[in-house]
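>>> Provided below for reference: sequence and predicted model.
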Amino acid sequence: MEKKMIWLDIRNVTNETKIVDLVNKLRIDYLLIKESQLNKLAFSKKTKLILHVDENKDEIPEYSKDLVLFTTSVDFLKRAKSKGYRTAFYIFVKNHADMEAAWSESQAFDFLAVEFKDETNIPLELLIARLQEKQTKILKFTKNIIDAEISFGVMEVGSDGVIFSEIDDNSVIAIDKLLSKNERGKINLVKGKVTDIQHVGMGHRACIDTISLLGMNEGMIIGSTSFGGLLVSSETHYLPYMELRPFRVNAGAIHSYVWSADSMTSYLTELKAGSKVICVDTAGNTREVSVGRVKIEQRPLIKIEVEVMNKKINAIVQDDWHIRIFGGDGSPLNVSSIKIGDELLAYTCEGGRHVGIKIDESIEEK
């Protein structure tokens, strides 16, 4: 997923100096400010400023070309654009006519900053559809993290960004965490050589059913130890005796770890409806998905162990032909057909977890 933009609107905050000092230390790069704040506050060099200017000015002031000029006036923005400024057209959409003006007028500018009277996302969907072939980036005004995440998912592609309009110390920290999640998207998968296969008998295994459709090259990292696991495939490949479950990963034995955001892990037994885990494809691209259900049943189990980077990593999964683990070339291999010497895709990291969080301690897992 392309990185989303997050602007903080600090035009009317009461503790502007404190907020800017906090932002200077975090991942947040974009601030929407008013003219009186431009030379008053100490912004970090990394900070990109969006300046709300008075649309009634007759002339374009000699601002730095690093600024994005933000206003409701189409005429002002056109003149600013002709002078080499980047521009953001702001509009408050309260009816259909406003929405039509939003997409038709904004095409000439770099950004469309849109605020909606109603809570429905239908106007946002329509704007995304109208501007999908244009260079204009859509940013929606929002007040909370949940609304921002929904905006990022509208019409699958989502808005290009959001503008947070209600800011305090706590919300800035939460927004920084949202940026951290947005920046994730890649892990390093390596090839491990199978060194041991063991039929371990009956046990409980867990299927992770998500609320998302999974791809044929996607699965989840499942492992018996906190320092790594194998890429277990989604149930998206041909099964001769049953329908596919394109939302499911038949993950493995209940003691196993599954990886989630921020390199955290969860035991399979800890997952429940609403839990978050990461889905990983064979190129190492990741996305966060929500759990809809975890189904635990008794099944025969098999241990598949690989050696990678001088570490022994294993996953214990259901001992059946229809369970697949991705091979070193990205093809799904039936676990009943895997042989010693085969290569499988694996993920390895520093071990040591306490309630799923990475900690520095002396720990040995076998």
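Thanks, I have it. Numbers count the residues shown, from 1 in each chain.
>>> show me the contacts for residue 169.
15, 18-19, 22 (C-beta atoms under 8 Å, 6 or more residues apart in numbering). Where you see a C-beta, it was placed from the backbone N, CA and C, and this is true even at glycine.
>>> out of the residues you listed, which are buried?
Members of the contacts of residue 169 that pass the buried threshold by neighbour count (16 or more other C-beta atoms under 10 Å) are listed as 19, 22.
>>> Now render the contacts of residue 169 as CSV, adding pLDDT and secondary structure.
As requested, the contacts of residue 169 are exported to CSV (pLDDT from 0 to 100; DSSP: H, G, I helix; E, B strand; the rest coil):
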residue, pLDDT, secondary structure
15, 89, coil
18, 92, helix
19, 92, helix
22, 91, helix
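>>> Please identify which of the contacts of residue 169 is nearest to residue 86.
Using C-beta to C-beta, residue 19 is the member of these that lies nearest residue 86, at 23.5 Å.
>>> so the closest one touches residue 171, yeah?
No - in this structure, residue 19 sits apart from residue 171 without contact. The criterion is C-beta atoms under 8 Å, and the distance is 9.7 Å.
>>> count of residues packed around residue 150?
By other C-beta atoms under 10 Å, 17 other residues sit near residue 150.
>>> Oh, that last question was meant for residue 313, not what I typed.
The criterion is other C-beta under 10 Å. On that basis, residue 313 has 24 neighbouring residues.
>>> Pull whichever strand or helix holds it out as PDB, backbone CA atoms only.
Here residue 313, judged by DSSP states H and E, is contained in strand 311-318. Extracted in PDB, the C-alpha atoms of strand 311-318 (Å, rounded to 0.1, in the frame of the first residue of the first chain):
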ATOM      1  CA  LYS A 311      19.000 -21.200  13.500                       C
ATOM      2  CA  LYS A 312      16.600 -24.000  13.700                       C
ATOM      3  CA  ILE A 313      13.000 -22.800  13.100                       C
ATOM      4  CA  ASN A 314       9.900 -25.000  13.000                       C
ATOM      5  CA  ALA A 315       6.200 -24.800  12.600                       C
ATOM      6  CA  ILE A 316       3.800 -27.500  13.800                       C
ATOM      7  CA  VAL A 317       0.800 -27.700  11.500                       C
ATOM      8  CA  GLN A 318      -2.000 -30.000  10.700                       C
END
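>>> Report all helices and strands that that strand contacts.
For strand 311-318, the packing partners by 3 or more C-beta pairs under 8 Å, 6 or more residues apart in numbering; DSSP states H and E come out as strand 190-210, strand 218-225, strand 228-233, strand 248-253, strand 286-308, strand 343-348.
>>> Would you mind pulling the contact partners of the helix or strand immediately after that strand in the chain?
Beyond strand 311-318 in the direction of the C-terminus, DSSP H and E gives the next helix or strand as strand 324-326. Among residues not part of strand 324-326, those counted as contacts by C-beta under 8 Å, 6+ apart are 217, 219, 230-233, 237, 282, 304, 315, 317, 332-335, 338, 344-345.
>>> And the buried ones among those residues, selectable in ChimeraX?
Written as a ChimeraX command, the selection of buried residues from the contacts of strand 324-326, which uses 16+ other C-beta under 10 Å, is:
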select :217,219,230,231,232,233,282,304,315,317,332,333,335,338,344,345
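>>> Where does pLDDT dip in the stretch 251-366 of the chain?
Within the stretch 251-366 of the chain, the set of residues satisfying pLDDT under 70 comprises 262-263, 350-366.
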